[in-house]
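Participant: Take this sequence and fold it.
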Amino acid sequence: MSVALAYYNGRFLPADEISIPVWDAGFVQGVTVAEQLRTFGGRLFRLSHHLQRLRHSLEIVGIDLGESFTDLAPAAEELAAHNHRWLAPDDDLVLSLFVTPGAYATAAEEEGASPTVGMHTRPLPFHLWSGKYTDGQRLMVTDVRQIPAACWPAELKCRSRMHYYLADHQAQQFDPGSRALLLDLQGRVMETSTANVVLYRQAEGLVAPRVEHILPGVSMGVLTELAGTLAIPFVHRDLSVADVADADEVMLCSTSPCLLPVVSFNRRPVTAGRPGPIFQKSLAAWSELVALDIAAQARRFSRRPAA
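Facilitator: Model (predicted):
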């Protein structure tokens, strides 16, 4: 087919035809397990890592895809390869993969429904972060806290993220252009919406919150590997607001931008208000890993014509 495709419940269809019924549990209750991947050179990055995390999330929620789970990897690769053909060779895609329990009993007539499984892509929206490799990201602590583990475990990757939305909304009101840094109920640093937080302290190296308290980011795993090649220590421990304020550098790890520098925290400059040397060194190593200049690609395609 000469159009962009999506994947829905075992079949490919034109991307503009994919939809979720209003009686699906993913819509009614927000019960959606999800992963988001990006491509480099048209090939999905760390697909097996994302699927391993997806499998664990499905186990937590109690959704069983059975043998069809093994179909996800080849379907994702086929979908990405097909849709990348409509981009410039050195442009890239983001792929969203989601699973819901299917029909929600009180909202649908059918009973015993099977899970809903979907995948769709779009060109990476580089314009959202291309300037931040040089200008940096601003962070603010807000009143909104991370969901306690008593509600659902931190390692569950899901789309029930009202707290993310509210926290970022409040951060924007306090400091336009900023994102929220979420704390837990004990005041420990957790994460931002869609990104893991990593500090650099000259006396310790790279420092991140304890793995058991946060969503284990695939991108943070990549940074951990790169730190090893760069001979930079990487440790996990409880982090406080004071730790962030006193850090030599602060960085954000997430799938699409990979790595971004933080230049302001609670309206005070970090690293003199500009990206630091450890960020620069880490981003260069990441670019070498994926065989392209990550920041240069983002700048080039941030001016991509609208579809």
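Participant: Only C-alpha atoms from now on, for both contacts and neighbour counts.
Facilitator: Will do.
Participant: who's in contact with the helix or strand where F98 lies?
Facilitator: Here F98 sits within strand 93-100, counting by DSSP states H and E. Contacts of strand 93-100 from elsewhere in the structure, counted by C-alpha atoms under 8 Å, 6 or more residues apart in numbering, are 24-26, 31-39, 42, 63, 80, 84, 115-124, 256.
Participant: again, but for stretch 297-307
Facilitator: For stretch 297-307, with C-alpha under 8 Å, 6+ apart as the criterion, the contacting residues are D90, D91, P125, F126, H127, L128, W129, S130, G131.
Participant: If you rank these by neighbours, which is first?
Facilitator: Going through these with other C-alpha atoms under 10 Å as the criterion, the one with the most neighbours is S130, at 23 neighbours.
Participant: before we move on, the earlier item: got the contacts of stretch 297-307 as CSV, with pLDDT and distance to E67 columns?
Facilitator: Compiled in CSV, the contacts of stretch 297-307 are given as follows (pLDDT from 0 to 100; distance: C-alpha to C-alpha, whole Å):
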residue, pLDDT, distance to E67
D90, 95, 35
D91, 97, 34
P125, 97, 34
F126, 98, 36
H127, 97, 39
L128, 96, 38
W129, 98, 38
S130, 98, 40
G131, 98, 43
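Participant: which ones among those are found in strands?
Facilitator: Helix and strand membership here follows DSSP state E; of the contacts of stretch 297-307, not one is in strands.
Participant: follow-up on the earlier one: select from the contacts of strand 93-100 every entry located in strands.
Facilitator: Secondary structure assignment by DSSP E places 33-39, 116-123 of the contacts of strand 93-100 in strands.
Participant: The strand holding F98 - what's its average pLDDT?
Facilitator: Over the span of strand 93-100, the pLDDT mean works out to 98.
Participant: go on, stretch 177-190?
Facilitator: Averaging the model's pLDDT scores along stretch 177-190 yields 97.
Participant: Hmm, A272 is touching P261, no?
Facilitator: No. Using C-alpha atoms under 8 Å, A272 makes no contact with P261, being 11.9 Å away.
Participant: ok, these two, which is more surrounded?
Facilitator: When A272 and P261 are compared for neighbours, P261 comes out ahead with 28 against 12, by other C-alpha under 10 Å.
Participant: May I have the phi/psi pair for P101?
Facilitator: Dihedral angles phi and psi of P101 (degrees, to the nearest 10) take the values phi -70, psi -10.
Participant: That one: what's its closest spatial neighbour, skipping adjacent residues?
Facilitator: Take P101 and drop its neighbours on the chain: the residue closest to it by C-alpha to C-alpha, 6 or more residues apart in numbering is P115, 4.4 Å away.
Participant: Could you pull up the residues touching I18?
Facilitator: The neighbourhood of I18, defined by C-alpha under 8 Å, 6+ apart, consists of A6, Y7, Y8.
Participant: wait, is the second one part of a strand?
Facilitator: Same thing as Y7. Yes. Counting by DSSP: H, G, I helix; E, B strand; the rest coil, Y7 is part of a strand.
Participant: tell me the pLDDT at it?
Facilitator: The pLDDT attached to Y7 in the predicted structure is 98.
Participant: Could you check how far it is from S256?
Facilitator: 21 Å (C-alpha to C-alpha, to the nearest Å).
Participant: if we can go back for a sec, any of the contacts of strand 93-100 buried? List them.
Facilitator: Applying 16 or more other C-alpha atoms under 10 Å to the contacts of strand 93-100, the neighbour count classes 24-26, 31-39, 42, 63, 80, 84, 115-124, 256 as buried.
Participant: Point out where the stretch 51-200 of the chain drops to low pLDDT.
Facilitator: When the per-residue scores of the stretch 51-200 of the chain are filtered using pLDDT under 70, the ranges that remain are 108-112.
Participant: just to revisit the earlier point, just put the contacts of stretch 297-307 in CSV and tack on distance to L51.
Facilitator: Listed next are those as CSV, based on distance: C-alpha to C-alpha, whole Å:
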residue, distance to L51
D90, 25
D91, 24
P125, 23
F126, 24
H127, 28
L128, 26
W129, 26
S130, 27
G131, 30
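Participant: Going along the chain, name the helices of the stretch 51-200 of the chain.
Facilitator: Ranges of helices within the stretch 51-200 of the chain are 72-84, 132-135, 162-174, based on DSSP state H, counting those that start in this stretch.
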